[in-house]
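>>> what follows is a predicted protein model with its sequence.
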Amino acid sequence: MLGPMTHEPSFPRRKVAAALVVFPALCLGLARAQTGARRPTPRQTEGPFYPVQFPVDSDNDLLRNGTLQYGKGEAAWVEGTVADLQGRPLAGATVEIWQCDEAGHYHHPGDGGKADPAFQGFGKVQADADGRWRFRTLKPVPYAGRTPHIHVKVKQDSRELLTTQLYVQGAAGNERDFLWRSLSPEDRAALTRPFEPADQGLTARFPIYLAA
C-alpha cells in the first residue's frame, strides 16, 4: 500500500531564505522613511582637551571671556537643533562646545596653558523649547596633526547623550585627518558643514539627531 503523497511546498525554501535576508533591510528602509530618513549624528572621540575646569564665563559667546574681547581669527556663528529621530525637540538639553584659539591652543594643562586668555574656548547653552541652540565663536583653525574642528557634547540632566566633532566643509586638511578619514561618506556629510555668509555673519548650521 502506498504511503501518503508528498508535495513540494508552494513557497520553496530558497525563496524563504532570500526573504529572510531582504526583510530586515526593508524594515530599516521603512523605519528611515517614517523618520524622514534621519540618522543618529555620528559619535567621535572626546579628545584630550575637554576642560579639566570649566571657565567662570561659560556662556554661548566664546569671543568674550569675562571683560576680555577676542578679536583674532574669523568670527562665526554655530547653531542648530537637537532632536530625536522622529524630529521631536529635546528641549532643555545642554549643548557644549570647545575648541582651540586662532593660534591652535586649548585652555587645558595638557596643551601647556598657552591659549589666549581673551578666548573663552568653552561654552554651553540649553536648547530652547524647539530644540534650538546657538554659539558665537571662532571659525575653527587647524593645529598640528588635526584639521579644523569644533568639539560638541550633548547632555540631558546627568546623562551624556553624545560626543562628536564638527568639521569645516572644504577644509584642506580634511583628507589628511585620521578621524575624518575614518568616517563613512554618510557620516562625513553629517559632521562636515559649510561656514556660509548670512545676515548675522558667517554661520554654520549643525542639526543633531539622537536615537532614543
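Done, it's in.

>>> the residue nearest the centre of the chain: what secondary structure?
Most central in the chain under CA atoms, centre = their mean is residue 164, positioned 4.6 Å from the mean C-alpha point. At residue 164 the chain is in strand, as set by DSSP: H, G, I helix; E, B strand; the rest coil.

>>> nearest spatial neighbour of residue 66, skipping sequence neighbours?
Of all residues not flanking residue 66 in the chain, residue 57 sits nearest, at 5.1 Å (CB to CB, 6 or more residues apart in numbering). To be clear about C-beta, it is placed using only N, CA and C from the backbone, and glycine gets the same treatment.

>>> give me the number of residues near that neighbour?
Using other CB atoms under 10 Å, residue 57 has 15 neighbouring residues.

>>> before we move on, back to that, mind checking pLDDT for the residue nearest to the centre of the chain?
What the model reports for residue 164 is a pLDDT of 98.

>>> in this structure it contacts residue 40, no?
No. Applying CB atoms under 8 Å, one finds residue 164 not in contact with residue 40, separated by 10.1 Å.

>>> contact partners for the residue nearest to residue 66?
64-66, 120 (CB atoms under 8 Å, 6 or more residues apart in numbering).

>>> please repeat the previous calculation with a cut-off of 7 Å.
65-66, 120 (CB atoms under 7 Å, 6 or more residues apart in numbering).

>>> could I get those residues as TSV with pLDDT, secondary structure and neighbour count?
What follows is the contacts of residue 57, written out as TSV (pLDDT from 0 to 100; DSSP: H, G, I helix; E, B strand; the rest coil; neighbours: other CB atoms under 10 Å):
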residue	pLDDT	secondary structure	neighbour count
65	97	strand	23
66	96	coil	11
120	97	coil	30
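
>>> could you find the closest non-adjacent residue to residue 196?
Closest residue to residue 196 apart from its sequence neighbours, by CB to CB, 6+ apart: residue 203 at 6.2 Å.

>>> got a list of what the one you found touches?
Counting by CB under 7 Å, 6+ apart, residue 203 has contacts 76-77, 79, 195-196.

>>> need the residues you listed in CSV (columns: neighbour count, secondary structure and distance to residue 212).
Output for the contacts of residue 203, formatted as CSV (neighbours: other CB atoms under 10 Å; DSSP: H, G, I helix; E, B strand; the rest coil; distance: CB to CB, whole Å):
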residue, neighbour count, secondary structure, distance to residue 212
76, 24, strand, 32
77, 18, strand, 29
79, 20, strand, 24
195, 20, coil, 31
196, 11, strand, 32
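
>>> what's the closest of these to residue 152?
Using CB to CB, residue 79 is the member of the contacts of residue 203 that lies nearest residue 152, at 11.8 Å.

>>> and the pLDDT for that closest one?
Reported pLDDT at residue 79 in the predicted model: 98.

>>> sec struct for the residue lying closest to it once chain neighbours are set aside, please.
The shortest distance from residue 79 to any non-neighbouring residue, by CB to CB, 6+ apart, is to residue 134 (4.0 Å). Under three-state DSSP, residue 134 falls in the strand class.
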